[in-house]
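J.: Here is a sequence with its predicted model. Questions after.
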Number of protein chains: 4
Amino acid sequence: MYEKIKQSFDQQGLMKTLKAELVSVENGEVKISCTFSEALTQQHGFFHAGVATSIVDSACGYAAMTMMPEDTEVLTVEFKVNFMKPAKTDKLIAVGKVLQSGKTLTVCEGYVYDSSGEKLISKMTATMIGVSK
Amino acid sequence: MYEKIKQSFDQQGLMKTLKAELVSVENGEVKISCTFSEALTQQHGFFHAGVATSIVDSACGYAAMTMMPEDTEVLTVEFKVNFMKPAKTDKLIAVGKVLQSGKTLTVCEGYVYDSSGEKLISKMTATMIGVSK
Amino acid sequence: MYEKIKQSFDQQGLMKTLKAELVSVENGEVKISCTFSEALTQQHGFFHAGVATSIVDSACGYAAMTMMPEDTEVLTVEFKVNFMKPAKTDKLIAVGKVLQSGKTLTVCEGYVYDSSGEKLISKMTATMIGVSK
Amino acid sequence: MYEKIKQSFDQQGLMKTLKAELVSVENGEVKISCTFSEALTQQHGFFHAGVATSIVDSACGYAAMTMMPEDTEVLTVEFKVNFMKPAKTDKLIAVGKVLQSGKTLTVCEGYVYDSSGEKLISKMTATMIGVSK
């Protein structure tokens, strides 16, 4: 499972650009982290909301993929994100978890923590669709 | 107005990283574009949802800022995005528009189009909060 | 088209309970209204957010149905609603419009206005799925 | 705490109309249930999405209120709901929980279960605002 998702992850140009790392892959749960740099900031010098959203979207998509048949691709239908704390941290840790796995659609919850893994910075709910290759 | 927002935009490390451009600033409406490159892709070689979301979040935030008092900073409370078409295009054009401007909160609508400016790729609704500097 | 949707509308027990009315049915757009009564209030005496949401959800679902094949049922996958003004009015007018009609999923925008039809009280974005009967 | 919220709950005309019941009030968590009747259905004879949404919105609002200063009223800024299972059950049980309590805004998670309390039918994320009376 890890190999398949690592391969797909490595094809995401954006993940390379953000210097994001695939931390772990379990059944229904995927973690991706991203280390702070000036290249990822908004105007106040913290992580841009778009960075947190990009890695947690990928984490949710891959979490959904762990529960789908082999030859299925995953696309994001929609997501919603609440930003609860300023992203003042040296590392973002994004966790995507499957909440409900259906025939066509999968609902995931995504969490973005600071480097301690304890402070919840933002929270995503995402709807993913599986498409046969 | 353009100058103030251009200055803030230039401080966003992520906008530089994505090679995004501030296209226009009007009262209640801001446009930001982003040219395709391999550095911005998901695993199928199109723009990553996170790129579209990053630029339209910035466009919505700045649109909100055009309608707030001088010394106010804008933070994203939450947003929701529907992804309607695959982002197969050589340029994304994001438009942020103020739908409702309140004392504390501003609601914005964001649209991401392909390079023709006609095909709607994704649609955001965002809640922004103004914070006195 | 109107007849088919009127028949379905009349089967919705909740629409009767809320004394909601099907105002109009056009291709990709449906209107439903609801007159104020004490039976529909929250604790401050205005329309409960749940009433506005119920009628605009139905309006969006039926708008989606106008653009689907004959024998298709519509289910709500998810929706998001922003509440912009207090619902102090003697009548709510909900308008559901199709934004994007796909093979499996339909994205709709819903608007809830006051009785003048001019003041926007709340705004929905909804994802609907068509299921063959 | 229960008394204060029960009093507000009893002023909600819609909760009476839906025959909803305030089940429990704890710090940061409120439960509301609603028994099935024909008066609450959509066109397929199950609970209308609007009923589930109405009670879980109230549950989230009251959960937020348990963590706010005495003289504060709670308004819903926005919510998002995913509908995961058809609401085929004789009773809906809605649970609202505070995820993040801030100075101005409170983020809540809402869960709607079937009568067994085990099957998750829908999931809300809501942003609430506290307003001084």
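T.: That came through, no problem. Numbers count the residues shown, from 1 in each chain, chains lettered A, B, ... in the order given.
J.: which stretches of chain A have low pLDDT?
T.: Of all residues in chain A, none has pLDDT under 70.
J.: can you list the residues of it near chain D?
T.: With Cβ under 8 Å from any Cβ of the partner chain as the criterion, chain A meets chain D at residues A:Lys80, A:Asn82, A:Met84, A:Lys85, A:Leu99, A:Gln100, A:Gly102, A:Val107, A:Leu120, A:Lys123, A:Thr125, A:Thr127. Where C-beta positions appear, they are placed from N, C-alpha and C, glycine not excepted.
J.: ok, and does the longest helix seen in chain A reach over to chain B?
T.: Using DSSP state H, we find that the single longest helix of chain A is helix A:49-65. Yes. If you take Cβ under 8 Å from any Cβ as the test, helix A:49-65 does meet chain B, through A:Ala49, A:Gly50, A:Val51, A:Thr53, A:Ser54, A:Ile55, A:Asp57, A:Ser58.
J.: Format those as CSV; extra columns: neighbour count and distance to D:Asp10.
T.: Converted to CSV, the residues of helix A:49-65 next to chain B look like this (neighbours: other Cβ atoms under 10 Å in any protein chain shown; distance: Cβ to Cβ, whole Å):
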residue, neighbour count, distance to D:Asp10
A:Ala49, 26, 40
A:Gly50, 27, 45
A:Val51, 29, 46
A:Thr53, 26, 41
A:Ser54, 32, 46
A:Ile55, 29, 46
A:Asp57, 29, 43
A:Ser58, 30, 47
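J.: just the helices in chain A please.
T.: Using DSSP H, helices in chain A cover A:2-10, A:13-17, A:49-65.
J.: among those helices, which is the most enclosed?
T.: helix A:49-65 (a mean of 28; mean count of other Cβ atoms under 10 Å in any protein chain shown).
J.: In the residues of chain A next to chain D, find the pair that's most separated.
T.: A:Lys85 and A:Gly102 (31.9 Å; Cβ to Cβ).
J.: Tell me which of the helices of chain A sits nearest to B:Thr41.
T.: The nearest among the helices of chain A, by Cβ to Cβ, is helix A:13-17 at 3.8 Å.
J.: which outside residues touch the closest one?
T.: Contact with helix A:13-17 is made by A:9-10, A:22, A:32, A:54-55, A:58, B:17-18, B:37-42, B:48, B:50-51, as judged by Cβ atoms under 8 Å, 6 or more residues apart in numbering or on different chains.
J.: For stretch A:30-41, measure first residue to last.
T.: 24 Å (Cα to Cα, to the nearest Å).
J.: that older thread, which residue of A:Lys85 and A:Gly102 possesses the greater neighbour count?
T.: Set side by side, A:Lys85 and A:Gly102 show more neighbours around A:Lys85, with 16 against 13, by other Cβ atoms under 10 Å in any protein chain shown.
J.: now that one: how far from D:Leu105?
T.: Counting by Cβ to Cβ, to the nearest Å, the gap from A:Lys85 to D:Leu105 is 12 Å.
J.: And the nearest residue to A:Gly96 once chain neighbours are set aside, how close does it get to D:Lys97?
T.: Using Cβ to Cβ, 6 or more residues apart in numbering or on different chains and skipping the chain neighbours, the partner closest in space to A:Gly96 is A:Ala59 (3.2 Å). Distance, A:Ala59 to D:Lys97, using Cβ to Cβ: 23 Å.
J.: interface residues of chain A facing chain B?
T.: Counting by Cβ under 8 Å from any Cβ, the residues of chain A near chain B are A:8-9, A:11-14, A:16-18, A:37-45, A:48-51, A:53-55, A:57-58, A:73, A:75-83, A:86.
J.: correct me, but A:Ala131 touches A:Thr72?
T.: No Ala there; residue A:131 is Val. Yes. Using Cβ atoms under 8 Å, A:Val131 makes contact with A:Thr72 at a distance of 6.7 Å.
J.: which residues touch the nearest residue to A:Ser58 once chain neighbours are set aside?
T.: Distances taken as Cβ to Cβ, 6+ apart put A:Ile32 closest to A:Ser58, at 5.8 Å, once the chain neighbours are dropped. A:Ile32 sits next to A:9, A:15, A:20-23, A:55-56, A:58-59, A:62, A:93-94, A:96 when contact means Cβ under 8 Å, 6+ apart.
J.: So which residues of chain A form strands?
T.: A:20-26, A:29-35, A:72-83, A:91-101, A:105-113, A:120-132 (DSSP state E).
J.: that older thread, contacting residues for the residue nearest to A:Gly96?
T.: Contacts of A:Ala59 by Cβ under 8 Å, 6+ apart are A:Val30, A:Lys31, A:Ile32, A:Ala94, A:Val95, A:Gly96, A:Gly110.
J.: Recalculate using a threshold of 6 Å.
T.: A:Val30, A:Ile32, A:Ala94, A:Gly96, A:Gly110 (Cβ atoms under 6 Å, 6 or more residues apart in numbering or on different chains).
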